[in-house]
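Asker: build me a structure from this.
(one chain, ligands or ions: 2)
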Amino acid sequence: MIKALFAARPERWPAYEPALKAAFAEAGLDVDLRTEFAPEEVDYIIYAPNSDLQDFTPYTRCKAVLNIWAGVEKITGNQTLTQPLCRMVDPGLTQAMVEWVTGHVLRYHLDIDRTLATQDRWEPFVPPLAEERPITILGLGALGQACAKSLRQIGFPVSGWSRTQKQIDGLTCYHRDAGLKDALSSAEIVILLLPDTPDTQNILNAESLAHLPQGARILNPGRGPLIDDAALIEALDKGTLAHATLDVFRVEPLPADHRFWTHPKVTVTPHIAAETRPLTAARVIAENIRRGEAQAPFLHLVDRQRGY
Ligand code: NDP
Ligand code: OXD
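Answerer: Ligands and ions are numbered 1, 2, ... in the order given. Sure thing, here's the model as predicted:
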């Protein structure tokens, strides 16, 4: 029997236990799933980076660590982890991100804030059509591409930026440092869906923010360190940027005295853009265990060197 350790915060267990057991049964896997084992007995670790498990040394027979988060920046630097590490690409999480991004883009696009602020007077205005509102997505991975597709379907011209060169139907694609300026220069709304790595930290800083057109808006559901906070606040205060909606922060929960809470041009959401959904994520975990047992390549393997 395969032994799988669930190493995440205890409050996650009631939702994950039935979902994982159902997915293992569906995949025809005979798995003993528990929150405690003698470390040397464990075949797979189903893992969240905020778990108490931080030393992987005693897990000598573990074949893979299967992350239930999409982001892996809190674990890629762990030197005790020598086993393959897989990140989460969950259809439920992806759909949640598409919904969060689309909702907040439409808030900006339709100027819903203006409607809410003019409930005491008849003051008609005509928002542009989607096709007149260029959007850029930094990061064209699982989430960036899903959001790009949805925004394209509404009619927005979408550009994207990634590390490697891409050709994606309907999208203008840029890559590497050389492509960043072009990716930003016409973007009225910028969406950050990059991982947090040494190469992506502060990717939006005073210099890159200056490439954006006057009055651009930012959505950051990626990770806090992607933005230089001081440069963002300066651009908002100067009026070169119109607004930012931030779901992720350098310190979470966002400290009570942080300027973002009270800034009139910032909307804070508490890291809720897209949580992993146990029912759909459990099937991804089961598939990776099936692959591990069949000695087939794992899905969504993290490149520890690259950091994502
Ligand atoms: P992926 O690994 O699938 O995609 C990452 C993308 O970023 C890829 O297109 C990659 O380029 C690009 N990238 C990485 N490094 C660079 C670089 N140096 N320069 C340019 N592009 C770069 O990740 P996901 O789409 O699944 O997730 C993205 C991030 O979203 C996660 O890492 C996590 O931080 C965040 N997230 C936030 C959630 C929330 O609730 N707020 C929920 C889930 C995820 P290439 O394609 O060339 O490799
Ligand atoms: C994730 C997240 O990385 O929730 O999965 O941010």
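
Asker: care to break the protein down by domain?
Answerer: 2-90+276-293, 91-268 (automatic domain parsing).

Asker: surely Val89 meets Ala142?
Answerer: Yes - using C-beta atoms under 8 Å, Val89 makes contact with Ala142 at a distance of 4.6 Å. C-betas here are computed from N, CA, C, even on glycine.

Asker: A strand includes Ala282, no?
Answerer: No - counting by DSSP: H, G, I helix; E, B strand; the rest coil, Ala282 is not part of a strand but helix.

Asker: so how far is the helix or strand harbouring Pro14 off the chain centroid?
Answerer: Here Pro14, judged by DSSP states H and E, is contained in helix 13-26. How far helix 13-26 lies from its chain's middle: 24 Å, per C-alpha atoms, centre = their mean, to the nearest Å.

Asker: which helices and strands sit right next to that helix?
Answerer: Where contact means 3 or more C-beta pairs under 8 Å, 6 or more residues apart in numbering; DSSP states H and E, helix 13-26 is packed against strand 2-7, strand 31-34, helix 278-293.

Asker: kindly report the residues of the stretch 1-150 of the chain close to ligand 2.
Answerer: 69-71 (C-beta under 6 Å from any ligand atom).

Asker: what segments of the stretch 201-308 of the chain are strands?
Answerer: Along the stretch 201-308 of the chain, counting by DSSP state E, counting those that start in this stretch, strands occupy 216-220, 241-246, 266-268.

Asker: now the lengthiest helix in the chain: average pLDDT?
Answerer: Across the chain, the longest stretch assigned as helix under DSSP state H is helix 91-109. Across helix 91-109, the average pLDDT comes to 98.

Asker: what's the answer for stretch 211-230, then?
Answerer: Mean predicted lDDT for stretch 211-230 stands at 98.

Asker: how near is the residue lying closest to Leu299 once chain neighbours are set aside to ligand 1?
Answerer: Counting by C-beta to C-beta, 6 or more residues apart in numbering, Asn288 is the residue found nearest to Leu299 once chain neighbours are left out, at 5.6 Å. Counting by C-beta to the nearest ligand atom, to the nearest Å, the separation of Asn288 from ligand 1 is 15 Å.

Asker: same question, Asn205
Answerer: Taken as C-beta to the nearest ligand atom, the span from Asn205 to ligand 1 is 14 Å.

Asker: do you know how far that residue is from Val248?
Answerer: Distance, Asn205 to Val248, by C-beta to C-beta, to the nearest Å: 17 Å.

Asker: tell me which of these two has more neighbours.
Answerer: Val248 (22 against 15; other C-beta atoms under 10 Å).

Asker: correct me, but the more buried one touches Asn220?
Answerer: Yes - assessed by C-beta under 8 Å, Val248 is found in contact with Asn220 at 6.1 Å.

Asker: what's near enough to touch the residue in the chain positioned nearest to ligand 1?
Answerer: Nearest residue of the chain to ligand 1: Gly141, at 1.7 Å (C-beta to the nearest ligand atom). Contact analysis of Gly141 by C-beta atoms under 8 Å, 6 or more residues apart in numbering lists 162, 193, 195, 308.

Asker: just Arg304 next, same as before
Answerer: 76, 85.

Asker: how close does it sit to ligand 2?
Answerer: Where ligand 2 is concerned, Arg304 sits at a distance of 17 Å (C-beta to the nearest ligand atom).

Asker: what do you get for Leu301?
Answerer: 16 Å.

Asker: what does the stretch 101-250 of the chain put close to ligand 1?
Answerer: Residues of the stretch 101-250 of the chain found near ligand 1 (C-beta under 6 Å from any ligand atom) are 139-144, 161-164, 193-197, 199-200, 221-223, 247-248.

Asker: now do stretch 179-188, average pLDDT.
Answerer: 98.

Asker: roughly how far is it from the heart of the chain?
Answerer: Using C-alpha atoms, centre = their mean, the offset of stretch 179-188 from its chain centre is 21 Å.
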